[in-house]
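Q: What follows is a predicted structure for the sequence shown.
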Amino acid sequence: MKKVLVTRKLLRSCEDKASKLFDANLNSNDELYSQNKLLKLSEGCDGILSSLTDKIDEETIKKLPDTIKIISNFAVGFGNIDVEAARKRNIAVTNTPDVLTDATAEIAMLLILGACRRANEGINWVKKENWKWSSDFLIGKQLTGSRLGILGMGRIGRAVAKLAKSFGMEIHYRNRSRLKPEIEEGAKFHESIKSLFSVSDVLSICCPATKETKDIINKDTLEYFPTGAIITNVARGDMIDDEAMVQALNSRKIYAIGLDVYKGEPRIHSEYLKQPTAFILPHLGSATKKTRTAMADLAIDNIDEYFSTGKCKNIIN
Ligand code: GLV
């Protein structure tokens with residue numbers, strides 16, 4: 001049996017599955033392992049089932065024991081792993097695409113709705129118990145007829161487009177390449193982020209975190225948006241320069257933000273919490289039982305497939 005280090009606690013049925021297939025070293029206390037502890041626990045293991053909270057950078061990869069042949073990330077995003085460093089050491093890195101698309105798109109819609117319709121302020125008023133209905137109380141922005149810009153039209157971006165269309169939004173997108181018309185389904189492709197942002201009444205960030213997308217929302221690019229735009233992010237915090245965003249919120253250039261992810265999770269830029277319109281969640285994109293089970297099962301299957309066949313369809317390096 002292959003020995004696999006599972007760095008975070010999984011749902012019970014998934015841990016049972018891992019224990020049937022492998023000699024699994026589980027983390028029953030769900031402790032967040034330091035890089036040193038992860039290295040120590042990897043000794044004698046053949047693979048690692050990691051999560052997005054494990055920072056497996058170049059230095060860590062260089063120090064991994066030679067026995068490690070695969071790092072199976074329990075996430076679709078893999079910005080926490082230096083995949084190039086892993087490739088150099090012949091360590092396969094896999095992720096869990098597809099299975100979390102719908103759950104994440106639902107959270108993307110929640111962010112859009114929450115930010116546009118001032119949900120955070122509404123909830124705070126309810127708690128104070130002294131609000132009064134009036135014709136201009138907490139007037140928000142309506143989705144119907146608004147232009148939604150989607151940055152990154154992969155699986156999640158396309159699922160967001162579909163849901164947003166049913167809310168009556170007009171869909172615009174920017175992607176590395178234009179989609180085929182049958183997949184585009186009427187969404188308008190933009191050749192540049194300037195062109196996309198300038199028509200985005202609402203933006204949904206759905207692209208992967210890469211060197212190219214780091215701080216793609218910054219002081220200069222924020223200028224491209226229509227005044228009063230709403231920016232939401234269901235991908236990774238790396239895409240937003242927080243200082244620039246706070247300034248844009250303070251100057252009312254940007255009306256509201258909706259974030260499920262942010263830099264330095266779980267610690268957030270303190271100024272965001274002072275923004276009454278900010279609608280912020282703690283990285284819940286894939287957090288449903290159905291999806292988390294499917295993700296963990298896939299992360300386990302990726303390891304099993306790799307050790308059984310020497311290949312795996314979800315290898316990313
Ligand atoms: C969640 O953020 C994921 O990348 O799976």
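A: Received the coordinates, thanks.
Q: Can you name the residues that contact Ile205?
A: Neighbouring residues of Ile205 by CB atoms under 8 Å, 6 or more residues apart in numbering: Leu151, Gly152, Ile217, Ile231, Thr232, Asn233, Val234, Ala235, Met239, Ile240. Quick note: C-beta positions are derived from backbone N, CA and C, even for glycine.
Q: looking at the sheet around the residue nearest to it when sequence neighbours are not counted, what are its partners?
A: Leaving aside its chain neighbours, Ile205 sits nearest to Asn233 (4.2 Å; criterion: CB to CB, 6 or more residues apart in numbering). Taking DSSP bridges, one finds Ile205, Leu259 as the beta-bridge partners of Asn233.
Q: okay, now Asn233: neighbour count?
A: For Asn233, the number of neighbouring residues by other CB atoms under 10 Å comes to 26.
Q: wait, isn't it in contact with Val261?
A: Yes - because the distance of 5.7 Å satisfies CB atoms under 8 Å, Asn233 is recorded as touching Val261.
Q: Which residue ranges of the stretch 101-250 of the chain form helices?
A: 101-116, 119-128, 155-166, 181-184, 193-198, 219-222, 242-250 (DSSP state H, counting those that start in this stretch).
Q: got TSV for those helices, with mean pLDDT, distance to Tyr173 and mean neighbour count too?
A: Output for the helices of the stretch 101-250 of the chain, formatted as TSV (pLDDT from 0 to 100; distance: least, CB to CB, whole Å; neighbours: other CB atoms under 10 Å):
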stretch	mean pLDDT	distance to Tyr173	mean neighbour count
helix 101-116	98	13	23
helix 119-128	98	25	13
helix 155-166	98	7	20
helix 181-184	94	8	11
helix 193-198	98	7	19
helix 219-222	98	16	15
helix 242-250	98	21	19
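Q: Could you verify my assumption that Leu259 touches Leu110?
A: No - between Leu259 and Leu110 no contact is recorded; they are 11.3 Å apart, counting by CB under 8 Å.
Q: Are there residues contacting both of these two? Which ones?
A: With contacts defined as CB under 8 Å, 6+ apart, the residues shared by Leu259 and Leu110 are Leu281.
Q: Near the ligand, which residues of this protein? Just list them.
A: Proximity of the chain to the ligand is assessed by CB under 6 Å from any ligand atom, with Leu52, Ala75, Val76, Gly77, Leu100, Gly285, Ser286 identified as the residues in range.
Q: do that again at 8 Å, thanks
A: For the chain, the residues in contact with the ligand under the definition CB under 8 Å from any ligand atom are 52, 74-78, 95-96, 100, 104, 235-236, 261, 283, 285-286, 295.
Q: All good on my end, thank you.
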